[in-house]
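Visitor: Attaching a predicted model along with its sequence, questions to come.
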Amino acid sequence: MGLATELYESVYSDAWYGYFASLFVQKNDDFPTINFYPRDWILKRAHEAFIADAKGLIQEGFRKFNGPFRIITTLGSRIILPAEYADWVKKSPDLDHQAFVSEGKEFFAGYPGFEGTTAVSDPHAVLISVVKNKLAQNSQIQKFHTHVSAGVAESWGEGNAWRDARWTETGVTLIGLISASVFVGDELAKNTTWQKITTGYAMTMFMAARALRTCPSWTRPFIHWLLPACRTCRAEVKRARRILQQELEKRAIQKKEAASDQGQVPEKREDAITWVEEVTAGRAYGPVGMQLGMSMAAVVTTSELLKQALINICAHPELVEPLRDEIETSVRAHGWTTAGLFNMQLLDSVITETQRLNPLAEVNLERKAVRDVKLPNGQIVPRGTTISFDGYRYVKLRQEGGKWTSASAAVSTSADHFVFGMGKFICPGRFFAVAEVKTALAVILLAYDVRLKPGYVPKIIRYGFEVMADPGACVEVRRRSL
Ligand code: HEM
């Protein structure tokens, strides 16, 4: 899990003015800065230290200051709070996640090309409501099963010799495919252009945001028209809009035809295109922004979890047989349903343990202080981390009972485990994400033998606050002979 929770201060996020900002940071408040170095005029050393070892800086900060402190990041400075403050952050009305996401300098909601961010931070919360209320329904599990089975068969074939799983690409393709089957329906989910745009949008948008952040804020409303990364982002949104528009027109025609056929009730589709339409109830909205926003929130996060979980299973081959036994028993009793997935508790434990060790980000609960905030006082005990992998950790905790009966599940959140955030802004897609990852792992383990390529040692990649599965991971698979 994340080492710390952070409090974002938007005032200091302008990279061009980093030097003045950092002086200001030093003099303007009581928080010491962990990576402020004498004569580091343009913050080169501070940025390098942050990129190379944010985790080390956070640990050093807690050791040195024994409480909240600032860290200079490539996006300006942030206040880092110890994980013990998680419950307080969760309850504080003055700390806002939406303000953090929509903050012009960070994610540029409202700029053309950033329609995904705009949809996530929409004040009517349409996207959040659809994710919260419509995703991870029982019927979607069978859909996941069908698509993952077809997807792995297509990628890996039926051969029973070991082969490179091309896991970095395949992991993203599988999650992109099964997510899209629920977001836009089975047919459009298989459109390779749509897949490419939606699985890549988070990165396309991130690159555009990164380019814009390097420009002084007063130039941004104009310069975004010229920056190549922002142009790419706009072009991708345009391509996506064209494809979605065709789908919407096709649906409108089908609806009309069905309605004109005396007595025929038009078939109601169960996908996010339809649900967004229902929730907006005639209000104007941007369908493409909703789709890109959903993919942006869902695909990178979930595929990172899937990739890392399979790597961990391969690194601990003793887990494979007990996992297969559990999956077979659960599916025999409940089929590919939410009940079936619920009964896969060792698999759940492996996923939670993966998140504990590879939390996607070193820090979590990103908030913007919407007004002056007083931090709680008291002794601070920095949280340590461990690098050992115990696939059974959360099974054992569940068996302890008490708060762990439910708190040990991958979708649960507490001050001990808040990879999905906490409180009012907790990730509404966590049930969907865990269901996708469980189904994908279950299908893979039942159909294929998996292993790390002999000689490959798994590693985790860190870049600033980001924590990623190794993009060069060497996973091998072969069809099981049953
Ligand atoms: C392993 C996968 C995922 C992880 C680790 C993850 C993590 C997070 C985190 C940390 C937050 C911020 C919560 C906070 O600050 O308290 C968040 C918010 C959000 N997530 Fe996820 N997420 C995942 C998958 C998904 C999926 C699959 C969807 C949608 C289908 C989704 C949709 C959202 C949305 C819409 C928000 C914004 C909520 C708000 O602002 O109220 N996420 N997620």
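Guide: In hand now; what should we look at? Everything numeric here is computed off the predicted structure, so don't read it as measured data.

Visitor: Confirm for me that residue 164 is in contact with residue 452.
Guide: No - with contact defined as C-beta atoms under 8 Å, residue 164 does not count as touching residue 452 (11.5 Å). In short, each C-beta sits where N, CA and C put it, glycine included.

Visitor: Spell out which residues of the protein are next to the ligand.
Guide: 97-98, 120, 127-128, 131, 135, 294, 297-298, 301-302, 305, 360, 364-366, 419-422, 425-429, 432-433 (C-beta under 6 Å from any ligand atom).

Visitor: higher neighbour count, residue 164 and residue 452?
Guide: residue 452 (18 against 12; other C-beta atoms under 10 Å).

Visitor: if we can go back for a sec, can you list residues touching both of residue 164 and residue 452?
Guide: Residues touching both residue 164 and residue 452 by C-beta atoms under 8 Å, 6 or more residues apart in numbering: 474-476.

Visitor: can you tell me which of these are in strands?
Guide: Of the positions in the shared contacts of residue 164 and residue 452, 475-476 sit in strands, assigned by DSSP state E.

Visitor: nearest to residue 235, of the shared contacts of residue 164 and residue 452?
Guide: Closest approach between those and residue 235, by C-beta to C-beta: residue 475, at 33.4 Å.

Visitor: Please, where are all the strands along this structure?
Guide: For the chain, the strands defined by DSSP E cover 4-8, 69-73, 76-82, 95-96, 163-164, 363-369, 448-452, 460-463, 466-469, 475-479.

Visitor: ok, now which ones touch the spatially most central residue of the chain?
Guide: In the chain, the C-alpha nearest the mean C-alpha coordinate belongs to residue 301, at 2.5 Å (C-alpha atoms, centre = their mean). Neighbour list for residue 301: 360, 433 [criterion: C-beta under 8 Å, 6+ apart].

Visitor: and if you look at residue 142?
Guide: 335-337.

Visitor: Give me the buried entries from those residues.
Guide: 336-337 (16 or more other C-beta atoms under 10 Å).

Visitor: Among the contacts of residue 142, name the ones in helices.
Guide: Among the contacts of residue 142, DSSP state H puts none in helices.

Visitor: for residue 333, what are its contacts?
Guide: 340, 343.

Visitor: picking up where we left off before, is it possible to export the contacts of residue 142 to TSV including distance to residue 175 and pLDDT?
Guide: Formatted as TSV, the contacts of residue 142 follow (distance: C-beta to C-beta, whole Å; pLDDT from 0 to 100):
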residue	distance to residue 175	pLDDT
335	22	96
336	17	96
337	20	95
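
Visitor: Closest one of the contacts of residue 142 to residue 288?
Guide: Closest approach to residue 288 among these (C-beta to C-beta): residue 336, at 31.2 Å.

Visitor: Off-centre distance for the biggest helix by length in the chain?
Guide: Counting by DSSP H, the longest helix found in the chain is helix 228-260. In terms of C-alpha atoms, centre = their mean, to the nearest Å, the centre of helix 228-260 is found 25 Å from the chain centre.

Visitor: Make JSON lines from the contacts of residue 142 and add distance to residue 38 to it.
Guide: Converted to JSON lines, the contacts of residue 142 look like this (distance: C-beta to C-beta, whole Å):
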{"residue": "335", "distance to residue 38": "65"}
{"residue": "336", "distance to residue 38": "61"}
{"residue": "337", "distance to residue 38": "62"}
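
Visitor: thinking again about what came up before, name the nearest of the shared contacts of residue 164 and residue 452 relative to residue 316.
Guide: residue 475 (13.3 Å).

Visitor: Now for that closest one: which residues touch it?
Guide: By C-beta under 8 Å, 6+ apart, the neighbours of residue 475 are 164-165, 167, 310-311, 314, 450-453.

Visitor: next one: residue 233
Guide: 113-114, 204-205, 207-208.

Visitor: Need the worst-confidence member of those residues.
Guide: On pLDDT alone, residue 207 ranks lowest of the contacts of residue 233, at 89.

Visitor: Next, count neighbours for that one.
Guide: Residues near residue 207, counting by other C-beta under 10 Å, number 16.

Visitor: Report the contact partners of it.
Guide: By C-beta under 8 Å, 6+ apart, the neighbours of residue 207 are 229, 232-233.

Visitor: JSON lines please, covering those residues and showing distance to residue 187 and pLDDT.
Guide: Shown next, in JSON lines, are the contacts of residue 207 (distance: C-beta to C-beta, whole Å; pLDDT from 0 to 100):
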{"residue": "229", "distance to residue 187": "32", "pLDDT": "95"}
{"residue": "232", "distance to residue 187": "27", "pLDDT": "96"}
{"residue": "233", "distance to residue 187": "26", "pLDDT": "96"}
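
Visitor: In TSV, list the residues you listed along with distance to residue 257.
Guide: As requested, the contacts of residue 207 are arranged in TSV below (distance: C-beta to C-beta, whole Å):
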residue	distance to residue 257
229	43
232	38
233	37
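
Visitor: Lowest mean pLDDT among the helices and strands of the protein, which one is it?
Guide: helix 18-28 (a mean of 35; mean pLDDT, DSSP states H and E).

Visitor: So residue 347 sits against residue 327, correct?
Guide: Yes - with contact defined as C-beta under 8 Å, residue 347 reaches residue 327; the gap is 6.8 Å.
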